[in-house]
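Peer 1: sequence first, predicted coordinates after that:
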Amino acid sequence: MAISVKNITKIYGEQKALDNVNFEVKTGEVIGFLGPNGAGKSTMMKILTCYLPASAGTASVNGYDVAGSPQDVKRSVGYLPESNPLYFDMYVREYLEYAAGVYGASNVRKRADEMIGITGLSPERHKKIGALSKGYKQRVGLAQAMIHNPSVLILDEPTSGLDPNQLVDIRNLITELGKEKTVMLSTHIMQEAEAMCSRILIINKGNLVADKSTAEITRTTGNRQVVLVEFDKPVTEGELKKIKGVQQVLHSGNNRYEISASDKEDIRSQLFAWAVEKGLTILTIAKSDVKLEDVFRNLTGKK
């Protein structure tokens, strides 16, 4: 097991940042760790990387206990914190050679060159870090996190503040890394989590509220279904809301509606029966997966 978290609690004064959290990450998984601001994401990542001690519970990385064997944990983990602290006055190659030396690499120049190639830093390798764009600074942070060839990567908001082109580049890089390493990343961009992650953990107010595969979480965790329907004649949203099980109706133009309903039974049969009763013809009807963003808002109270 790459990561094991058992009953982890973290208390700051009177505030409980993490409350008896439990989860495991298998070797080779790419995990999305999601939650609103202040939910406890960064605190958990700092505990797993030995930057913070837990108030209670145990955690291990590659079998090494974070409290009992912190040096072994740090050798196993590559960590990119949200702030991405870098030495802006150092050149890219110089900084990566320095980082490789800290980890005791036998040939620091060779290792720095390898990371420059893997992370696409070759065009900027002779520049000072402070002169780089945000996207290239993130690449330097990733290169530093991987300089000692860790088997586990923990990335806190790796795509924060990037423009769309930079975001795609970093997403593709992380996806490639996920083919060889265990990756745990936090993000506020739901589309990124869906694109990169095989499994989703959602934390809210220090509590783990979801732990499912990316496909399963949108299918079941929302406890609702979404149906797209088009009638031959206009109807009112109020009429549709009277149908048993219907929770929300959105008019999406002309005679098309997006209907959210409880997931207890397929709402489409009731829509057909209702349309027949009203003398309406259904031109199109399709069941749509619940979006991860909808599930997130549902589970974290952001209605």
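Peer 2: Sure, I can see it. Numbering: from 1, shown residues only.

Peer 1: what ranges do the strands span in the stretch 151-300 of the chain?
Peer 2: According to DSSP state E, counting those that start in this stretch, the stretch 151-300 of the chain carries its strands in the segments 152-156, 182-186, 199-204, 207-213, 224-231, 246-251, 256-262, 282-288.

Peer 1: deepest of the ones you listed, which one?
Peer 2: strand 182-186 (a mean of 25; mean count of other Cβ atoms under 10 Å). C-beta coordinates here come from the backbone N, C-alpha and C atoms, glycine included.

Peer 1: may I have it as PDB, with CA atoms only?
Peer 2: Output in PDB follows, covering the C-alpha atoms of strand 182-186 (Å, rounded to 0.1, in the frame of the first residue of the first chain):
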ATOM      1  CA  THR A 182       1.500   6.900  -7.300                       C
ATOM      2  CA  VAL A 183       0.000  10.400  -7.400                       C
ATOM      3  CA  MET A 184      -2.200  12.200  -4.900                       C
ATOM      4  CA  LEU A 185      -3.200  15.700  -5.900                       C
ATOM      5  CA  SER A 186      -5.500  18.400  -4.700                       C
END
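
Peer 1: partners of that strand, with directions?
Peer 2: Applying DSSP bridges, strand 182-186 is found paired with strand 30-34 (parallel), strand 152-156 (parallel).

Peer 1: the first one vs strand 207-213, what angle?
Peer 2: When you say that, I think you mean strand 30-34. Interaxial angle, strand 30-34 versus strand 207-213 (axes from the mean of the first three to the mean of the last three Cα atoms, to 10 degrees): 150 degrees.

Peer 1: thinking again about what came up before, and the strands paired with strand 182-186 as JSON lines, adding distance to residue 13?
Peer 2: Output for the strands paired with strand 182-186, formatted as JSON lines (distance: least, Cβ to Cβ, whole Å):
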{"stretch": "strand 30-34", "distance to residue 13": "24"}
{"stretch": "strand 152-156", "distance to residue 13": "23"}
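
Peer 1: so which of those strands comes closest to residue 265?
Peer 2: Evaluated over the strands paired with strand 182-186, closeness to residue 265 peaks at strand 30-34, with 29.1 Å, by Cβ to Cβ.

Peer 1: next secondary structure element downstream of the closest one?
Peer 2: With elements assigned by DSSP states H and E, the helix or strand that comes after strand 30-34 is helix 41-48.

Peer 1: so for that next one, mean pLDDT?
Peer 2: Averaged across helix 41-48, the pLDDT comes to 96.

Peer 1: going forward, count from 556.
Peer 2: Yes, from this point I'll number from 556; that puts the last item at helix 596-603.

Peer 1: any chance of the strands of the stretch 706-855 of the chain in a markdown table, with distance to residue 687 and mean pLDDT too?
Peer 2: Output for the strands of the stretch 706-855 of the chain, formatted as a markdown table (distance: least, Cβ to Cβ, whole Å; pLDDT from 0 to 100):
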| stretch | distance to residue 687 | mean pLDDT |
| --- | --- | --- |
| strand 707-711 | 18 | 96 |
| strand 737-741 | 21 | 96 |
| strand 754-759 | 31 | 96 |
| strand 762-768 | 36 | 94 |
| strand 779-786 | 42 | 88 |
| strand 801-806 | 43 | 88 |
| strand 811-817 | 43 | 88 |
| strand 837-843 | 41 | 90 |
